[in-house]
Every structure is written in C-alpha cells, then in structure tokens.
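*Asks:* Sequence plus predicted model, see below.
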Amino acid sequence: MLNFSRNMLSKLPIHTFLFSLFPLMFFFQFNIHELLFEDLIFPFFLSVSITFLSWIILRKFIGGQRSGLILSLVIMCFINLGNISLFISDDPTESLQSSAEGQILGSILLIISVIGIIYFLKTKTLDDKTSIANVISMTMIGFLIFNITTFSITTADDDSFLKFSDIPVQISAVENKPNIYFIILDEYAGFIQLKNDFNFDNSNFRIDLEKRDFFVAKESFSNYPNTSLSVPSIINMIYFDFIPDNLGKDSKNIRVVEKMINENNVMKILQANGYKITTLDGAVGRTPDTYLADVRLCSSIFDINPDIRKNFALVYVPIVGLQELIFDEVIRSKLECSFSALMDFNEEPKNPNFVVAHLRFPHSPYIYDSFGNSISINDIGDKNAYLEQLKFVNKKTLEIIDSIQERSSENIIIIISDHGYRYYINWENPTVDDYIRGFNNLAAYYLPGEEKHETIALVNIFRTIFNSYLEMNYEILDDRQIWYSMEKPFDHTDVTDLIADYLKNSHN
C-alpha cells in the first residue's frame, strides 16, 4: 500500500488538477463571508475540465508527467497573475496586466515559464519533480481547506437567524389581486447626487414618469448603502439590527442574510396568497435563485456567481481585452434577456403575478452609451460613462413601463435603486456628502387607484402595498439610514438625523 502511494505521487500528475482549483479556492477563502460553497461547484467543474482537456492533448505529444508539470507551471505563473492583481494593485478595478508593474511582472513570469518549459522538455526523469509538485499542491490545497473548514465551523449557524427575520404571513380576502412588477436598477443615483456629483438635472426623467401617473420621490434614500443588505431588507420588510447584536460588530459573515433572501418574507406572503412568482436574472445574482420562485427567466444551470465569474475571467484569461469581452457579453446577454422578458411578459390569467427583476444597470461595467449602442468601459470611476449608461437606463425603463401599462393599467409597478453611485465614497471616514452618495436612490411607484405618498421607505414598500391593495395590516416602520462599510458589514451607524439635517440646510 505504501509503495502504491509513493508510486502514485511520483507518476501521476495530481498536482495539475489541484493547482487548477487553487485560484478559485484562494479567491473563495478571502471572500468566504460573502459567498456560498455551492457557488464554486460549476467553476470547479469548468476549471478541472479545461485543465484535463489540455493535459490529454499535450499528453499525446510529450507524455503525461511532462505535460502535467508544464501545465502546473503555466497555471501558477500566468493564470495566478490575475489573482496577484487583486492584492497588489492600487486600484482593484484596474487590471494589473495593463499597468507598468503588471507588464514587468508578466515579463518575469513569461521568462520563468519559458525556462521551466525548456527544462521539463529536456529532463529525462521527472518522477522526483512530479512527486515534489504533488506534495506542494496537496499542502497548498490542504491549507485552504483547513481555513475554509475552520471558518465554517466557527461562524454562527445561518438558520439561527431566520427566527428574527420572520414576520406573520397574513392571508388576504381580496379576490382581484393586482399584478406586481418590482424592478431594481442597481446603483442608480438619486436626483440629489446626480446634481451634486454629476451636475446633471434628471428632472426630465421624473416628468416622463409622472406623465405615466408615477409618484416619484424627489428626495429618496435607501436604508442601507450596499446591495448586500439593502435588497434583503426590502424583500424581508425588516431592518437587520438583530445581526450585529448577535454576531458582533466585527463579524464579516454576510452569508447570514443569504437564507433570508432565499426564504424572504415578501415572496412567502405572496405565495400564500396565490401569486405566481417570476424572477429575472439581470446579472446581479442572488434574488433570481430563491427556491420560492415558480419561474426563473434569463438564467441557467451553468450560471456562475457574478463575483466568481469576474474572477474566473480575470484568472483564466490573461489577455485583458478578452477578460472584459467575456464579462461584458455575459452581462449584456442577461440584460437584453431581462428587457425582452419584461416587455413581452405573458401574465398568468388565473393567478396574480409577482415579477422581480434586479438589473445590473446602470452599475458598471458600462456597456451602453446613451443611445443603447454597445461600448465597453470597465473603469467604474468613469463618471461620463456612468452618466451615459444612466441616460440609456431612463429610455429603456420608460419602454418597459409602457409595455407593462399597455397590458393592464391596474398593474402595480415599482422602480427603485438599492443605493446610489458609490465609487468616490470615503468609507472609513465618511462625510455627509458620502452619506448622500451611498443612500440617495431612485424611487418611483405606479400605484393605481391610490393616493400619492410623500415618500415610502424601501423597507416599507411591500408593507404599504400589502396594506393598500390586499387589505393587510402590517406595521409601517420608521425610515432609517444605516451606514456600514463592506469591510465591516455589521458595524452599523444610524445616520438618519445627519441626512435630515443636510436636507433641512439645503432647503434654507
């Protein structure tokens, strides 16, 4: 048995396939507080498949050991150039390969690879090299597995928090329940921020919405400054004060809200009241995957978590232009599918419909100009590119609204953004202007037959709709703005009064 193990270590290139998993596991380890392990299953399969196919092809020409060692060298030198960029680049949004430092590092790695390939091709006996590579790869992967397992064991059980998020499911006696369209435009800046930071007056869009009988809040603010808590808060109709109270302010385990998305209160209530639930994958992630959805559009079993997808392209495609092309085209196809699905949606005649579309739009990357022409700008700090894409968002949103209202003037339509444009925020030492950037959002509601509301807190959107249209009785919560940074997602600071003072002073 011992001889077999030694022979396996010296003959079989196990290292090649373990090294192919290393970039994804490395990325997962540093983001384990945000990602789920199931997010890795398909990327793992894809990574191993690519490596195995490459090994099979090379094996026919230069042998199994030689091809395995060469592939491992390429993986660790060039493919991990992408991962290195995530940690040493001053600007994580700028690809390291396009910088001077990246070009120098790339040249060094290229030289190392060429020398290594020549060495492996000329060396006759490779048993000891294969054995060493196998031991190194097992050690590296074992270390990552240990860290991941330790985190999983020591963090709180997600299920223990579900009891805090549950609210009673009320059953409506209303017979003719309205269809509800809920559209989230990710990172769409509010009117105040667009004026302050972009010198852009977005009132024409507001007027166009009002012509369609929308109520548009001129001063709307999200309850949280990031999608990770803002969206779960909206679709659960709650604040997350109980999480820092139980996990502590220093916890980074954002996964505790994942099951609150999958088992969210809004869909539970609607499902109990006979609604057919349809989700659209607009290239953002979690919401479309909830098991509560009856139909999932614009998604497939081969979809990869957006953050992992971007890292996958960064790591496995060393050519910058191809990285951007892959990532941009995936997002574009998701968005185009979502646009079509919303405009041509076949409403269920027997049951009321609840349609959710969370669109990565106008969020970067910037793939549209103001006319809807295809572009490719991945600099998330490019304010002009953001503004151009936002102008196209306005046009496309109006087209979608017109198609929904044409189907029925009784359809409820909610158009909101989960937060503002945040690139220039100082997260660690924020000013009031930073709070405005984080919270100032778009909020527009088409509520047929209802009186106009001055404003509706995002946490109260569905409480208000349920009470007004389904004759339920949910408490309306105070509108609060709760600040945190992604580095400490549960270190919460209530800045509601600071924003109120800002608005008061700006009116004077």
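*Replies:* Done, it's in. All values derive from a computational prediction rather than experimental measurement. Numbers count the residues shown, from 1 in each chain.
*Asks:* which residues of this structure fall in strands?
*Replies:* Along the chain, counting by DSSP state E, strands occupy 180-185, 215-216, 276-282, 295-297, 353-359, 366-368, 374-377, 412-416, 443-446, 482-485, 488-494.
*Asks:* Can I get those in a markdown table including mean pLDDT, mean neighbour count and distance to residue 346?
*Replies:* Yep, even glycine has a C-beta here, placed from its N, CA and C like the rest. A markdown table is the format used below for the strands of the chain (pLDDT from 0 to 100; neighbours: other C-beta atoms under 10 Å; distance: least, C-beta to C-beta, whole Å):
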| stretch | mean pLDDT | mean neighbour count | distance to residue 346 |
| --- | --- | --- | --- |
| strand 180-185 | 97 | 24 | 13 |
| strand 215-216 | 96 | 18 | 28 |
| strand 276-282 | 92 | 24 | 10 |
| strand 295-297 | 91 | 16 | 10 |
| strand 353-359 | 96 | 25 | 9 |
| strand 366-368 | 95 | 23 | 26 |
| strand 374-377 | 89 | 14 | 28 |
| strand 412-416 | 97 | 23 | 17 |
| strand 443-446 | 96 | 23 | 20 |
| strand 482-485 | 94 | 20 | 39 |
| strand 488-494 | 92 | 17 | 39 |
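*Asks:* okay if I get the ones you listed as CSV plus distance to residue 332?
*Replies:* Converted to CSV, these look like this (distance: least, C-beta to C-beta, whole Å):
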stretch, distance to residue 332
strand 180-185, 16
strand 215-216, 28
strand 276-282, 11
strand 295-297, 16
strand 353-359, 12
strand 366-368, 5
strand 374-377, 7
strand 412-416, 21
strand 443-446, 25
strand 482-485, 30
strand 488-494, 30
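*Asks:* wait, which of those is closest to residue 132?
*Replies:* strand 488-494 (41.4 Å; C-beta to C-beta).
*Asks:* got the CA positions of the closest one in PDB?
*Replies:* The C-alpha coordinates for strand 488-494 follow below in PDB (Å, rounded to 0.1, in the frame of the first residue of the first chain):
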ATOM      1  CA  LYS A 488     -17.400  45.600   8.500                       C
ATOM      2  CA  PRO A 489     -20.900  44.900   7.200                       C
ATOM      3  CA  PHE A 490     -22.400  44.700  10.700                       C
ATOM      4  CA  ASP A 491     -20.700  47.700  12.300                       C
ATOM      5  CA  HIS A 492     -23.800  49.900  11.900                       C
ATOM      6  CA  THR A 493     -24.200  53.600  12.500                       C
ATOM      7  CA  ASP A 494     -27.600  55.300  12.200                       C
END
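*Asks:* If you count contacts, what does it end up packed against?
*Replies:* helix 242-247, strand 482-485 (3 or more C-beta pairs under 8 Å, 6 or more residues apart in numbering; DSSP states H and E).
*Asks:* Neighbouring strands - and their directions - for it?
*Replies:* When pairing is defined by DSSP bridges, strand 488-494 lines up against strand 482-485 (antiparallel).
*Asks:* just how off-centre is the partner strand within its chain?
*Replies:* With C-alpha atoms, centre = their mean, to the nearest Å as the basis, strand 482-485 stands 18 Å off its chain's centre.
*Asks:* Over to stretch 444-461?
*Replies:* A distance of 27 Å separates the centroid of the chain from that of stretch 444-461, by C-alpha atoms, centre = their mean.
*Asks:* and what of stretch 191-202?
*Replies:* Computed by C-alpha atoms, centre = their mean, the chain-centroid distance of stretch 191-202 equals 25 Å.
*Asks:* and if you look at stretch 332-345?
*Replies:* Per C-alpha atoms, centre = their mean, the displacement of stretch 332-345 from the mean C-alpha position of its chain is 18 Å.
*Asks:* And stretch 358-376, by the same measure?
*Replies:* Distance, centroid of stretch 358-376 to centroid of chain: 16 Å (C-alpha atoms, centre = their mean).
*Asks:* residue contacts, the residue most central in space within the chain?
*Replies:* The residue lying closest to the centre of the chain (C-alpha atoms, centre = their mean) is residue 284, at 4.3 Å. Residues near residue 284 by C-beta atoms under 8 Å, 6 or more residues apart in numbering: 184, 186, 227, 306, 358-360, 363.
*Asks:* export those residues to a markdown table and tack on distance to residue 119?
*Replies:* Below are those laid out as a markdown table (distance: C-beta to C-beta, whole Å):
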| residue | distance to residue 119 |
| --- | --- |
| 184 | 54 |
| 186 | 49 |
| 227 | 48 |
| 306 | 40 |
| 358 | 51 |
| 359 | 51 |
| 360 | 45 |
| 363 | 46 |
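*Asks:* which pair in the residues you listed spans the largest distance?
*Replies:* Among the contacts of residue 284, 184 and 306 lie farthest apart (C-beta to C-beta), at 14.4 Å.
*Asks:* show me where pLDDT drops low in the stretch 251-400 of the chain?
*Replies:* Where the stretch 251-400 of the chain drops to pLDDT under 70, the residues are 285-289, 300-326.
*Asks:* wait, I meant the stretch 101-250 of the chain
*Replies:* 101-106, 154-162.
*Asks:* Tell me which stretches of it form helices.
*Replies:* In the stretch 101-250 of the chain, the helices defined using DSSP state H, counting those that start in this stretch lie at 127-154, 162-165, 191-198, 203-211, 227-236, 242-247.
*Asks:* Most tightly packed of those?
*Replies:* helix 227-236 (a mean of 24; mean count of other C-beta atoms under 10 Å).
*Asks:* Show me how far that one is from its chain's centre.
*Replies:* Mean C-alpha position of helix 227-236 versus that of the full chain (C-alpha atoms, centre = their mean) differs by 12 Å.
*Asks:* so what does it touch, helix or strand wise?
*Replies:* With contacts taken as 3+ C-beta pairs under 8 Å, 6+ apart, helix 227-236 sits against helix 258-262, helix 265-272, helix 461-469.
*Asks:* Tell me the gap between stretch 451-471 and the middle of its chain.
*Replies:* 27 Å.
*Asks:* tell me how far the ends of that stretch are from each other?
*Replies:* Stretch 451-471 has an end-to-end distance of 15 Å (C-alpha to C-alpha, to the nearest Å).
*Asks:* in it, what's buried?
*Replies:* For stretch 451-471, burial by neighbour count (16 or more other C-beta atoms under 10 Å) applies to 456-467, 469-470.
*Asks:* got it, and stretch 340-351?
*Replies:* Neighbour counts over stretch 340-351 (16+ other C-beta under 10 Å) mark 341-343, 345, 347 as buried.
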